[in-house]
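Asks: need a 3D model of the sequence below.
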Amino acid sequence: MAMMVAVLMSACASLPPQADRVATQALARQADTRLGNTYAAAERQHADSTAMHLLPDGVDALLARIALAEAADHSLDLQYYIWHDDLTGRHLAHALLRAADRGVRVRLLLDDLGTNADDQVLLALASHPNISVRLFNPVANRRFKRISALVDFGRIDRRMHNKALIADNQAAILGGRNIGDEYFGASSEVAFGDLDILMHGVVVPQVSTAFDAFWNADSAYPIERLMGRAAAADALAGYRAKLDAFVAAERASPYVTQVGQRLAQFLDEGGVDFAWGKATVLYDDPAKISRAPEDTQGHLLPQLQALHVAPTRQMLVVSPYFIPGDAGVAWLRGLSERGVQVTVLTNSLAATDVSAVHAGYQRYRKDLLAAGIHLYELKPAASDDGKAHKKSLLGSSKASLHAKTYVFDRGSIFVGSMNLDPRSVMLNTEIGVYCESPMLAGEVVDSLLPQLDRIAWRLALRNDEQGREHIVWIDSEPGGAITERDEPEVSALRRIGIWFLSILPIESEL
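Replies: Predicted coordinates:
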C-alpha cells in the first residue's frame with residue numbers, strides 16, 4: 001500500500017517552469033539554397049501563387065520527406081502526432097541526423113502522448129548541437145507516464161494532431177500522414193490510404209508561421225527540461241551507431257531499394273508535376289488545448305467557414321473518423337436539398353482502427369442516407385488493382401482509410417490532419433491547407449469516385465417484410481451486386497461490442 005501511495009504521489013508531479021525557455025523563429029528564405037535554386041525560375045513565373053503536388057502514394061510520400069531532408073541547407077522543421085521507431089521512422093531520423101551533421105538547424109516538435117517516444121532517444125537527438133526537440137502538452141512524470149496521464153486526464157486529453165515538414169522555408173509537406181510504416185506502404189499488417197500535399201511558393205512561410213506558433217507555445221517543452229538533465233556524453237554516438245547499423249542492414253531490402261531509385265525525381269522541378277494556384281494555410285491556435293471545447297476562438301473549422309466555401313454541384317468528403325453530429329447532418333442535408341451531390345467515404349467497421357469512433361458514427365447513418373447523402377464505407381481488402389488485399393512491398397496488408405480530404409465542386413480542395421469528428425473539431429489541434437485548384441480537385445475526384453463501388457460498400461435504406469426501415473451494405477461485385485443486412489466482414493460479437501460503445505456518453509471524446 002505504501003508503495004502504491006508513493007507511486008500515485010510521484011505521478012502527480014508538475015511540469016517544470018518555462019519562464020527562461022528560449023523562443024526561436026523560422027529562418028528566412030534564402031535564394032542560394034539548393035531548393036531555392038531548384039524552384040526559383042518557376043516561382044518567378046508564378047510570383048503570387050503556390051506550387052502544389054498531391055502525394056496519394058505512400059512510397060512517394062516517404063521519399064518526398066527524405067528528399068527535402070537531404071536537400072535542406074539551412075533548416076528543417078518537423079511537427080508530428082506520431083513518430084514510430086520502425087523502418088520508415090528510423091530512416092527519417094537518420095536523414096535528420098545527416099542534415100544536422102552538415103549544419104542544418106533541425107527543430108523537432110512531437111506530441112508526447114501520440115508519439116510515446118523513448119525519452120532517452122529524444123535526449124540523445126537533442127544533444128546534437130544542431131537539433132532541438134520539444135514535446136507538446138507532455139505528461140509531467142516521465143517514469144510513471146500512464147498513471148500520470150490518468151491523474152491529469154483533463155489536460156492530457158487534449159493533443160497536437162498536426163503533421164507538417166518544412167525545409168529551408170522553401171518547401172513544405174502537409175497532410176494526414178504520421179511517421180510510421182503503416183502510412184508509407186511499408187507495413188505487412190495495415191496499409192493506411194492517406195494523402196499529403198507537397199508545396200513550394202508563397203504559402204510555405206504561412207506553414208512556418210504555424211510551426212513557430214506551436215514551437216513557442218507554452219505547451220511545448222524541451223526534452224531536456226522535462227527530464228531535468230541533458231543526455232549522457234556518449235548517448236548520441238550510441239544512438240547514431242544503432243541507426244547506421246539498421247540503415248545499412250536494410251539497404252538491400254525491396255522497400256528501401258524502391259525508395260532510393262525514385263528519390264532523385266523529387267529534387268528536380270521537372271520530375272514532379274506541380275499545379276499552381278492560391279493556397280491558404282489553416283490551423284488551430286495552440287492555446288486551443290487550454291480553453292473550453294465550446295470556445296471556438298482560434299479554431300480551424302471557423303477559419304474554413306470564413307472562406308465562404310459553398311459548393312453548388314458536388315462535394316466529396318473523405319474522413320476516416322466521421323462523426324458529423326446533428327449540426328453536421330443538418331449542414332449536409334441543406335447542401336443535398338440545394339441540389340449538391342454529397343458523397344462521403346469513411347471506414348467500415350471491418351476497416352477502422354478505432355472501433356469507438358465507429359460506434360459514434362453509426363448513429364448518424366440513417367439520417368445521412370435519408371438526407372440523400374451518398375455514403376460509402378471502405379472495405380478492408382480494398383486495393384487499386386482489384387486483388388484480394390492491398391499490397392505493400394512487405395506483403396499483404398489490411399486497407400484502412402486515414403486521409404482527411406474535402407473537395408468542393410471540382411474547384412477547390414482541403415488537405416490536412418482534421419477529421420470531421422468532435423475530437424478534431426473541439427479537442428485536438430489540427431492543420432491543413434485550402435487549395436483553389438481545379439487540377440488538384442479533379443485529380444482526387446477522378447481517381448476516387450469511379451472506383452468507389454469496387455473499393456467500398458455503398459449504404460442504402462431498405463424496408464423489410466414488416467415495413468421497418470434498415471440499412472443495407474451493397475457490394476458491387478463483377479457478377480452482380482450483393483446486399484448484406486449486417487455490417488460486413490465482422491463477427492456478431494464485435495457488432496455487439498460496438499452497440500455497447502454506442503450507448504455510452506463518450507461522443508465528445510471521439
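Asks: pretty sure residue 24 contacts residue 222?
Replies: No: Residue 24 is beyond contact range of residue 222, at 10.9 Å (criterion: C-beta atoms under 8 Å). Bear in mind the C-beta positions are built from the backbone N, C-alpha and C, glycine included.
Asks: neighbour-wise, which of those two wins?
Replies: Higher neighbour count among residue 24 and residue 222: residue 222, with 17 against 14, using other C-beta atoms under 10 Å.
Asks: show me what that one bridges to in the sheet.
Replies: residue 134 (DSSP bridges).
Asks: can you pull the pLDDT of residue 10?
Replies: pLDDT, residue 10: 54.
Asks: and for residue 24 and residue 222, which residues touch both?
Replies: Taking C-beta atoms under 8 Å, 6 or more residues apart in numbering as the contact rule, residue 24 and residue 222 both touch residue 132.
Asks: got the buried residues for stretch 485-503?
Replies: 487-490, 497-498, 501-502 (16 or more other C-beta atoms under 10 Å).
Asks: run through the residues that contact the residue nearest to the spatial centre of the chain.
Replies: Closest residue to the average C-alpha location of the chain: residue 176 at 2.6 Å, with C-alpha atoms, centre = their mean. By C-beta under 8 Å, 6+ apart, residue 176 lies in contact with 163, 194-196, 402-405, 415-417.
Asks: most neighbours of all those, which one?
Replies: residue 416 (30 neighbours).
Asks: list the beta-bridge partners for the closest residue to it other than its chain neighbours.
Replies: Take residue 416 and drop its neighbours on the chain: the residue closest to it by C-beta to C-beta, 6 or more residues apart in numbering is residue 432, 1.9 Å away. Residue 432 has the following beta-bridge partners by DSSP bridges: residue 282, residue 416.
Asks: is residue 432 in contact with residue 419, as I believe?
Replies: No: using C-beta under 8 Å, residue 432 is not in contact with residue 419, being 10.8 Å away.
Asks: compare these two (neighbour count), which wins?
Replies: residue 432 (29 against 25).
Asks: let me know the pLDDT of that one.
Replies: Taking residue 432 on its own, its pLDDT is 98.
Asks: which ones are touching it?
Replies: 174, 281-283, 300, 404, 414-418 are the contacts of residue 432 under C-beta under 8 Å, 6+ apart.
Asks: and of these, the nearest to residue 202?
Replies: residue 281 (10.6 Å; C-beta to C-beta).
Asks: quick one: the residue nearest to that closest one when sequence neighbours are not counted from residue 198, how far?
Replies: Setting aside the residues directly before and after it, residue 281 is nearest to residue 206 in space (C-beta to C-beta, 6+ apart), at 4.0 Å. Counting by C-beta to C-beta, to the nearest Å, the gap from residue 206 to residue 198 is 15 Å.
Asks: these two - which one has more neighbours?
Replies: residue 198 (24 against 18).
Asks: what helix or strand is the residue nearest to residue 281 on?
Replies: helix 204-215 (DSSP states H and E).
Asks: name the element residue 452 belongs to?
Replies: Going by DSSP H and E, residue 452 is in helix 452-455.
Asks: extract the C-alpha trace of that helix and format it as PDB.
Replies: Output of helix 452-455 as PDB, limited to C-alpha atoms (Å, rounded to 0.1, in the frame of the first residue of the first chain):
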ATOM      1  CA  LEU A 452     -15.900   3.700 -55.000                       C
ATOM      2  CA  ASP A 453     -18.300   0.900 -55.800                       C
ATOM      3  CA  ARG A 454     -15.300  -1.500 -56.000                       C
ATOM      4  CA  ILE A 455     -13.300  -0.400 -53.000                       C
END
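Asks: what packs against it?
Replies: Packing partners of helix 452-455 (3 or more C-beta pairs under 8 Å, 6 or more residues apart in numbering; DSSP states H and E): none among the helices and strands.
Asks: name the next helix or strand downstream of that helix, please.
Replies: By DSSP H and E, the next helix or strand past helix 452-455 is strand 456-463.
Asks: quick one: mean pLDDT over that next one.
Replies: Per-residue scores along strand 456-463 average to 94.
Asks: again, but for stretch 331-338
Replies: Per-residue scores along stretch 331-338 average to 96.
Asks: tell me which two in the contacts of residue 432 are the farthest apart.
Replies: Checking the contacts of residue 432 with C-beta to C-beta, the most distant pair is 281 and 404, at 14.9 Å.
Asks: A strand includes residue 53, no?
Replies: Yes: under DSSP: H, G, I helix; E, B strand; the rest coil, residue 53 falls within a strand.
Asks: ranges for the helices of the stretch 101-250 of the chain?
Replies: Under the criterion DSSP state H, counting those that start in this stretch, the stretch 101-250 of the chain contains helices at 112-115, 119-126, 145-151, 153-156, 204-215, 223-227, 235-250.
Asks: in terms of mean pLDDT, which of these ranks lowest?
Replies: Taking the mean pLDDT of those, helix 145-151 comes last: a mean of 90.
Asks: just to revisit the earlier point, quick check: neighbours shared by residue 432 and residue 419?
Replies: With C-beta under 8 Å, 6+ apart, residue 432 and residue 419 have common neighbours residue 404.
Asks: and the helices in the stretch 251-400 of the chain?
Replies: Under DSSP H, counting those that start in this stretch, the stretch 251-400 of the chain gives helices at 254-262, 300-306, 325-337, 355-361, 365-370.
Asks: from residue 27, how far out is residue 150?
Replies: For residue 150 relative to residue 27 (C-beta to C-beta), the value is 40 Å.
Asks: and the closest residue to residue 273 other than its chain neighbours, how many neighbours does it have?
Replies: Spatially, and ignoring its direct neighbours in sequence, residue 273 is nearest to residue 53 (6.5 Å; C-beta to C-beta, 6+ apart). By other C-beta under 10 Å, the residues close to residue 53 number 19.
Asks: beta partners of residue 53?
Replies: The partner residues for residue 53, given DSSP bridges, come to residue 198.
Asks: confidence score at it?
Replies: 95.
Asks: again with residue 116
Replies: For residue 116, pLDDT reads 86.
Asks: leaving out sequence neighbours, find the closest residue to it.
Replies: Nearest to residue 116 is residue 145, by C-beta to C-beta, 6+ apart, at 7.8 Å.
Asks: that neighbour - how many residues pack around it?
Replies: 18.
Asks: and for residue 237?
Replies: 12.
Asks: separation between it and residue 128?
Replies: 11 Å.
Asks: domain assignment for the chain?
Replies: 46-271, 280-509 (automatic domain parsing).
Asks: distance between the ends of the longest one?
Replies: This points to domain 280-509. 29 Å (C-alpha to C-alpha, to the nearest Å).
Asks: chain center to that domain: distance?
Replies: 15 Å (C-alpha atoms, centre = their mean, to the nearest Å).
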